[in-house]
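Visitor: Can you look at this prediction? I've put the sequence above it.
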Amino acid sequence: MNYERTLYSSGAPLEEAAGYSRAIRLGDFVFVGGTTAVQADGSVFAEGDAYAQTKYILEKMESYYLEAGARREDVYRVKMYVTDISKAKEVITAYSEFYKPIKPLATMVETPKLNRPSQVIEIEIDALIGSATKKVTEDRKDPARKTAAQVVGLRYLAESYERSIKWFREAQILLPTLSQLADPSTIPGSLQGALAKVDQNEAHPLNLFRLHWYNALDYAWRVRVPEHIVLPKELTGVDARIVLVLGNRFPMVSCHKVLAAYACLVPRIVSGQFDPARHRAVWPSTGNYARGGVAISRLMRCRGVAILPENMSRERFDWLERQVDNPDDIITTPGSESNVKEIYDACRELARDPGNFIVNQFCEFGNHLAHYQVSGAAFAQVFNSMQEKEPGLELSAFVAASGSAGTLGAGDRLKDDFGAKIVAVEALECPTMLYNGYGEHNIQGIGDKHIPLIHNVMNTDLVAAVSDQATDGLNLVFNTEAGRAFLREQMGVDPAVVDKLRHLGLSSIANMLGAIKTAQKLNLGAQDVVISVATDGAELYTSEKEKLLAQSYPTGFNDVHAAEITARHLAGMGTEHIEELDEVGRNRIFNLGYYTWVEQQGISAEDFEARRSPAFWKELHKMGADWDEMIGEFNKRTGVTIG
């Protein structure tokens, strides 16, 4: 065995003067010597603070063993020497943020004192390169699979963490936990009182506490059950209850993507990876996520950059132009909804600048986790409210367009709680999942030509394709006087329902059609409920409506046109272009992601493959509680109080 010895120095003058190394690699073993919270300038970091010093030291030590060729999961022993054993809980809390999923041997002993009175802990670490693949634990059947925590990749960066605390303290910003957004009744009363005085469209940090599904349309109060539409058979043609939960109740951007943006960024803030004092948050999107990201940036008083295709609706760009201070913070890429790769290419160029922090909704697992924990709970509340009135109802399916696949995370929750099938919808003009196809479409906000990294493909039950001719046409029916009159007078749709159809944008209509197609495919009856999402409202697509009217109906849109569209795309809908997936089908779709994520985006094959296992997603779903603890600790450190 090769035991060649390699020495590593931190650059501290005392190492050379006294004659010792900070770390040594001996063959495949890596040893990091006793490390304290002394900074480069010789001062002690966070004097007397056991939690902060532990995190700071572990971050420093990780940089040492990474340089020597070891990874975090290769660590097999951690020794901690503390001057006050009563602070053990603070030390363990910080330690767990690094090593809880890895479970190395750990020792903590009390020592009378360290070199300086303000130093409260010293740590030693031992690692064996390559040992991670040999680890066996009781809670994992596949010891070679990377854990969700390893793939998510939160790393504590002490200096930027402290700068972030200062930033949020000075800006008087509190961060909501995911559990508070899942159940906003748990938000403290004093904070709710202060929030009531803030306009929903104001770039006020308190609007972070409105990132939930329980806002009323006028924001005058918080509703008990998220607002939704139950579509009648006169419109859908099926006996099953098609339910659309309304997403245009979220603050600032009137769509639920602002929740996804928050969930992608907040774990990077409370771990110190994103530093608002020096980073620009870059928000790549095919539609609303860029708007949601810019909104989150404004609420957090940091700089946000929107990336989206040049052919998206004019309303999106109008909103962005009002919100950014620098026109350069709106970056357009070639093409339209179908050109996701071009967005990634722009991100790659921007990432060359260390001042840019890419917050990619397609691979940030916070997007999935927020929808699992927050949206899933809200949609369950909608179903429970229906079941209270009709106990015999069953939640049979959850339907959502793929897009970033974040919203599909709510389906994972509804499958766990109710056994609902999960249906992923895409555009027929570019059917990536269904036919491995290509093309272009105009269902803005749902993306295509790739499989998002955060899509739990192996838990998906059906895939369905909807034509953009259907969504464009029904947008006219739902949002012209002639179309609405036709629905009321000739189809017999309740006028109250017709009025609410204005809350359906193009992707919302696609979800509605996917839900109807699902009910047909599964032969669902009157006791079956299919839940989907109205991601945004028609107000974002007025320019698209006017464009289509000018191109296809220059002499006016009338009831005959409305009849033709509904006959073709509602009454005439069948079960073509929908597939129930078996293991072969799921693996086929899962494997498609390899070309985007491993070959193009540089994700490791191990990280990519880990997501095939159901255990990965179970681990991920448990991480919400850990993130909430981190948010709570961050808020505590800022000292900000409201009310």
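Guide: Looks like it came in fine. Residues are numbered from 1 along each chain as shown.

Visitor: Does the most centrally placed residue in the chain belong to a helix, a strand or coil?
Guide: In the chain, the centroid-proximal residue (CA atoms, centre = their mean) is Asn367; its distance is 0.9 Å. Using DSSP: H, G, I helix; E, B strand; the rest coil, the structure places Asn367 in helix.

Visitor: Which residue is the nearest non-sequential neighbour of it?
Guide: If you skip the residues right next to it in sequence, Asn367 has Gly406 as its closest partner in space, 3.7 Å away by CB to CB, 6 or more residues apart in numbering. Bear in mind the C-beta positions are built from the backbone N, C-alpha and C, glycine included.

Visitor: re the thing from before, the residue nearest to the centre of the chain and Cys264 touch, don't they?
Guide: Yes: taking contacts as CB atoms under 8 Å, Asn367 lies within contact range of Cys264: 5.4 Å.

Visitor: any shared contact partners between the two?
Guide: Common neighbours of Asn367 and Cys264, using CB atoms under 8 Å, 6 or more residues apart in numbering, are Gln361.

Visitor: where do the strands sit along the stretch 251-400 of the chain?
Guide: Listed in chain order, the strands found in the stretch 251-400 of the chain under DSSP state E, counting those that start in this stretch are 280-284, 303-309, 330-333, 356-358, 394-401.

Visitor: next one: the stretch 51-200 of the chain
Guide: With DSSP E, counting those that start in this stretch as the criterion, the stretch 51-200 of the chain has strands spanning 75-82, 105-110, 121-128.

Visitor: Of these, flag the one that's most buried.
Guide: Among those, ranked by average contacts under mean count of other CB atoms under 10 Å, first place goes to strand 121-128 (a mean of 22).

Visitor: Just give the strands next to that one in its sheet, each with its orientation.
Guide: Paired strands of strand 121-128, with direction, are strand 29-35 (antiparallel), strand 75-82 (antiparallel) (DSSP bridges).

Visitor: Give the full set of residues in contact with the residue nearest to Arg586 when sequence neighbours are not counted.
Guide: Nearest residue to Arg586 in three dimensions, chain neighbours excluded: Met458, at 5.1 Å (CB to CB, 6+ apart). Taking CB under 8 Å, 6+ apart, we find Met458 in contact with Arg586, Asn587, Phe590, Arg611, Arg612, Ser613, Pro614.

Visitor: Next up, the contacts around Lys79.
Guide: Ala106, Thr107, Ile123, Glu124, Ile125.

Visitor: no wait, Thr107
Guide: Applying CB under 8 Å, 6+ apart, the residues contacting Thr107 are Arg77, Val78, Lys79, Met80.

Visitor: my guess is the last one contacts Leu105, does it?
Guide: This means Met80. No: counting by CB under 8 Å, Met80 does not reach Leu105; the two are 11.5 Å apart.

Visitor: which element is the spatially closest residue to Leu506 that is not a sequence neighbour on?
Guide: When the adjacent residues along the chain are set aside, Leu506 lies closest to Thr471, with 4.7 Å between them (CB to CB, 6+ apart). In this structure, Thr471 sits in helix 468-479 according to DSSP states H and E.

Visitor: what ranges of this protein fall below the confidence cut-off?
Guide: Counting by pLDDT under 70, the chain shows low-confidence ranges at 1-2, 132-144, 219-220.

Visitor: One more pass at 50, please.
Guide: 133-141 (pLDDT under 50).

Visitor: longest helix of it?
Guide: If you go by DSSP state H, the chain has its longest helix at helix 614-638.

Visitor: ok, residues contacting stretch 617-633?
Guide: With contact meaning CB under 8 Å, 6+ apart, stretch 617-633 is reached by 51, 93, 97, 100-101, 147-149, 152, 175-179, 266-267, 270-271, 365-366, 368-369, 372-373, 412-413, 456, 459, 611.

Visitor: which among those residues end up buried?
Guide: Among the contacts of stretch 617-633, those buried by neighbour count (16 or more other CB atoms under 10 Å) are 51, 93, 97, 101, 147-149, 152, 175-179, 266-267, 270-271, 365-366, 368-369, 372-373, 412-413, 456, 459, 611.

Visitor: residues of the helix or strand hosting Ser543 that come out buried?
Guide: Assessed by DSSP H and E, Ser543 sits inside helix 542-552. With burial defined by 16+ other CB under 10 Å, the residues of helix 542-552 counted as buried are Glu544, Lys545, Leu548.

Visitor: Distance check, the nearest residue to the first one once chain neighbours are set aside against Ser532.
Guide: Translated: Glu544. Using CB to CB, 6+ apart and skipping residues adjacent in sequence, the residue nearest Glu544 is Ser313, 5.5 Å away. Ser313 is 21 Å from Ser532, where distance means CB to CB, to the nearest Å.

Visitor: For the stretch 501-643 of the chain, which segments count as helices?
Guide: Taking DSSP state H, counting those that start in this stretch, the helices of the stretch 501-643 of the chain run over residues 506-521, 542-552, 559-566, 583-594, 605-610, 614-638.

Visitor: could these go into CSV alongside distance to Asn360?
Guide: As requested, the helices of the stretch 501-643 of the chain are exported to CSV (distance: least, CB to CB, whole Å):
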stretch, distance to Asn360
helix 506-521, 19
helix 542-552, 26
helix 559-566, 36
helix 583-594, 14
helix 605-610, 14
helix 614-638, 17
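
Visitor: To Ala171, which of those helices lies closest?
Guide: For Ala171, the closest of those is helix 614-638, at 9.2 Å, according to CB to CB.

Visitor: Cool, thanks, signing off.
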